[in-house]
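Asker: show me how the following folds:
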Amino acid sequence: MFDKMTLQVLANHARAAAENMGHTLQRTAHSAFVKETQDFTVMLMDQTGDTFAVPMDLGATWYPGMAYGPAIKMVEGEYRPGDVAFTNDPYSGNVATHAPDTHLWKPVFAEGEIVAWTGGHIHNTDMGGAVPASLSRSLTEIQQEGIRFPPMKLVNEGVFDEQILKIMQTNVRKPSLNIGDIKALVGALNTGERKVHAMVERFGKQGFLSGVATLMDQAEAQARSILSEIPDGDYVFADYADEDSDEANPCRLKLTLKIRGEEAILDFTGSDPQLTSSLNVPSGGNPRHTMLLVGVYYVLYTLNPRILLNTGLTRPFTCIAPEGTVLNPVEPAAVGMRSLTCARLRSVIFGAFVRAIPDRMPAAPAGNNCIVNVMTRDERSQKTVIAAVNPVVGGGGGMPTRDGTNGSGADAAYLANTPIEITETEVPVEFVKYGLAKDTGGAGRWRGGLATEMAFRVFTPDSRITARNRDRSRFRPWGTGGGKAAGLADMVVNPGTPDERRMGSKDTAILQPGDVLGVRSAGGGGRGCPLEREPWRVLQDVARGYVSVEAAARDYGVIVANGMVDEAATEKARAAMQTTSDAVFDFGPERTNYEARWTDAAYDRLTEILMALPIHWRFFTKTEIFRRIEGKGAEAVDAAFDATCTRFPELPRPAACAEAAE
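Answerer: Prediction:
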């Protein structure tokens, strides 16, 4: 049994080892997306493949609860010292969750026994497939998203399998970046292996194994302690992705968060069926899949910043994601844009916790970490270039005691900014704008963080752009506690010119020489009544360019003239604006108008009908019901479904639905 001091020493060693792995990878990676944007993970895992240590300041923050066990077991043959296995197949063990994420893991031996694993992933710039960078909402099956490798050995006792590397070289658009990043990750795993050996030497083999198990147990106890402070109850929340496919109907995610003492159930029943687009999240039905729990990690860490980040903290949680839904699709559903859905999923989890503990939770973050990739020709080298330009991450939601973070807030802040100078050196584009967008943070006692806006010019014909995770162009990030919803996202070709084209939530574009692409994220929602914000704070926002003079008057009732607050006019304006509302959330006019037709009862009836159908009929039927619905409420849904069945007699109408229609 470890005493507290020795256990903390082990935890520090493990975290330092993971940090060293991250630095090794970042400093030796080839692609800007890994070495600058930091879309990678590294971790240490126990004997079963459960994560027990991750970096705190490097890489993606989605994976402290990652479990590699299912993929580890799928590799043929025994593991030997020096072996490294890998996969990027979302349907093989549900470790990789879209094809560009290549996961590697390596056994660490001590006294002839595997005592730990080192692992991690890098996001490859491209894995082949139908579009550059392999990702677009419009893709409809996994085969369009690039080459996939089921779990297999990539390195055998220290020697790379050259046949596997040749297959990758043949199928991807920039093989040197892929293979360079993969070899950098192998170097990081080797660093982790050395650090584990050092821990085993210091604590002894059995001491190390016992200590790792205790770290898991301590994280579990910390998570249970947090849950025990939340009132028992069922807390329901729903949110929407703008578009479920090229058909452009919204995609709803619904959560019933059930708090029961020291445990919690996250029931996603009522969420949309799996989609004929790439927004599906391949969880495999795992009740503790890390993708379903990312929002929970953020909540737990917000409530206790000292919590240990490892798989133990997932133990008190059970997720229910019915098969054939957007959160548990069946093959061959496309999954490349699962990060867009995961962003909305985090908003849903945050919203449910706001209902449970409103005084301790922030408003919604932007929730659209748009990653822009460019495929163009470099006239200097006469070569094709494909690269990530920059993540366009929005603002954080207003916090209980401060404003939301501007430009890179909350749940996507790990995507680091790539300096413009580096991007322009590696990619033949010219930036014409990059900064914060005025008036995009939701108004509140604590203002939401501002959106990011970026614009760049291309110089060669048929330059192809993919801007994955484009969302929040229709439904705003919500405000809470009297705070207002934030500004919407946007993407525009040739903004401010006669050739201007607004792209909405579309995520692909073809640009010609001289064309400019402008991308703006959403802002973060506001928290608390805007009329309670001190006038001096509003004046400061105006001076900094965060809030316009017009918005200061419209949203806050603060009258700014000649660079100063007109106190008399402000007092009069605020008195005229006084309103009372007990609404927990402000969703903005777009969602309010949408839900005038699609009430909770109507959408619940829709999902009830769809879940009674065979999986391959569900999305088609949803689209047809949306096309035919008239009026509002559950009765309108039944009428639209009846009309759909009449038009398509092949549709296998369930008996329960037929009885309801009668």
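Asker: may I have stretch 133-149 exported as PDB, CA atoms only?
Answerer: Output of stretch 133-149 as PDB, limited to C-alpha atoms (Å, rounded to 0.1, in the frame of the first residue of the first chain):
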ATOM      1  CA  ALA A 133      -7.400  15.700 -45.900                       C
ATOM      2  CA  SER A 134      -9.900  12.800 -46.100                       C
ATOM      3  CA  LEU A 135     -12.600  14.600 -44.100                       C
ATOM      4  CA  SER A 136     -15.900  16.200 -45.300                       C
ATOM      5  CA  ARG A 137     -19.400  16.100 -44.000                       C
ATOM      6  CA  SER A 138     -20.600  15.100 -47.400                       C
ATOM      7  CA  LEU A 139     -18.900  11.700 -47.400                       C
ATOM      8  CA  THR A 140     -21.400   8.900 -46.800                       C
ATOM      9  CA  GLU A 141     -19.400   5.700 -46.100                       C
ATOM     10  CA  ILE A 142     -16.200   4.800 -44.300                       C
ATOM     11  CA  GLN A 143     -14.600   3.600 -47.500                       C
ATOM     12  CA  GLN A 144     -14.600   7.200 -48.800                       C
ATOM     13  CA  GLU A 145     -12.500   8.400 -45.900                       C
ATOM     14  CA  GLY A 146      -9.200   6.900 -46.800                       C
ATOM     15  CA  ILE A 147      -7.200   3.700 -46.300                       C
ATOM     16  CA  ARG A 148      -7.700   1.900 -43.100                       C
ATOM     17  CA  PHE A 149      -5.400  -0.500 -41.200                       C
END
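Asker: before we move on, which element is the residue lying farthest from the centre of the chain in?
Answerer: Here the centre of the chain is the reference, and by C-alpha atoms, centre = their mean the most remote residue is residue 568, at 45.6 Å. If you go by DSSP states H and E, residue 568 is part of helix 567-577.
Asker: same check, this time on residue 165
Answerer: Using DSSP H and E, residue 165 maps to helix 162-171.
Asker: gap between the helix or strand following that helix and the chain center?
Answerer: Note on helix 162-171: by DSSP H and E, the next helix or strand toward the C-terminus is helix 175-203. Averaging C-alpha positions (C-alpha atoms, centre = their mean, to the nearest Å) puts helix 175-203 26 Å from its chain's average.
Asker: kindly report the same for stretch 132-148.
Answerer: Distance of stretch 132-148 from the chain centroid (C-alpha atoms, centre = their mean) equals 18 Å.
Asker: report the mean confidence score over the helix or strand where residue 425 lies.
Answerer: Assigned by DSSP H and E, residue 425 falls within helix 420-426. The predicted model assigns helix 420-426 a mean pLDDT of 87.
Asker: and that helix, what does it pack onto?
Answerer: Applying 3 or more C-beta pairs under 8 Å, 6 or more residues apart in numbering; DSSP states H and E, we find helix 420-426 packed against helix 32-35, strand 383-392, strand 429-437. Glycine gets a C-beta too; all of them are placed from N, C-alpha and C.
Asker: closest to residue 19 out of the ones you listed?
Answerer: Nearest of these to residue 19, taken as C-beta to C-beta: helix 32-35 at 16.0 Å.
Asker: so what are the sheet partners of the next helix or strand after the closest one and their directions?
Answerer: As assigned by DSSP H and E, the chain's next helix or strand after helix 32-35 is strand 40-45. Using DSSP bridges, strand 40-45 pairs in its sheet with strand 51-53 (antiparallel), strand 113-123 (antiparallel).
Asker: could you redo the ones you listed as TSV and give each row mean neighbour count?
Answerer: Shown next, in TSV, are these (neighbours: other C-beta atoms under 10 Å):
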stretch	mean neighbour count
strand 51-53	28
strand 113-123	25
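Asker: ok, back up a step: out of the helices and strands packed on helix 420-426, which one sits most buried?
Answerer: Among the helices and strands packed on helix 420-426, helix 32-35 has the highest mean neighbour count (mean count of other C-beta atoms under 10 Å), at a mean of 24.
Asker: and the helix or strand hosting residue 22 with strand 113-123, angle?
Answerer: Residue 22 belongs to helix 4-28 when assigned by DSSP H and E. Angle between the axes of helix 4-28 and strand 113-123 is 40 degrees (criterion: axes from the mean of the first three to the mean of the last three C-alpha atoms, to 10 degrees).
Asker: so which elements touch helix 4-28?
Answerer: Helix 4-28 is packed against helix 32-35, strand 40-45, strand 51-53, strand 113-123, helix 175-203, helix 205-228, with contacts defined by 3+ C-beta pairs under 8 Å, 6+ apart.
Asker: and residue 256, which of the three is it?
Answerer: With DSSP: H, G, I helix; E, B strand; the rest coil as the basis, residue 256 sits in strand.
Asker: could you check how far it is from residue 416?
Answerer: 35 Å (C-beta to C-beta, to the nearest Å).
Asker: surely residue 393 meets residue 371?
Answerer: No: counting by C-beta atoms under 8 Å, residue 393 stays clear of residue 371, with 9.1 Å between them.
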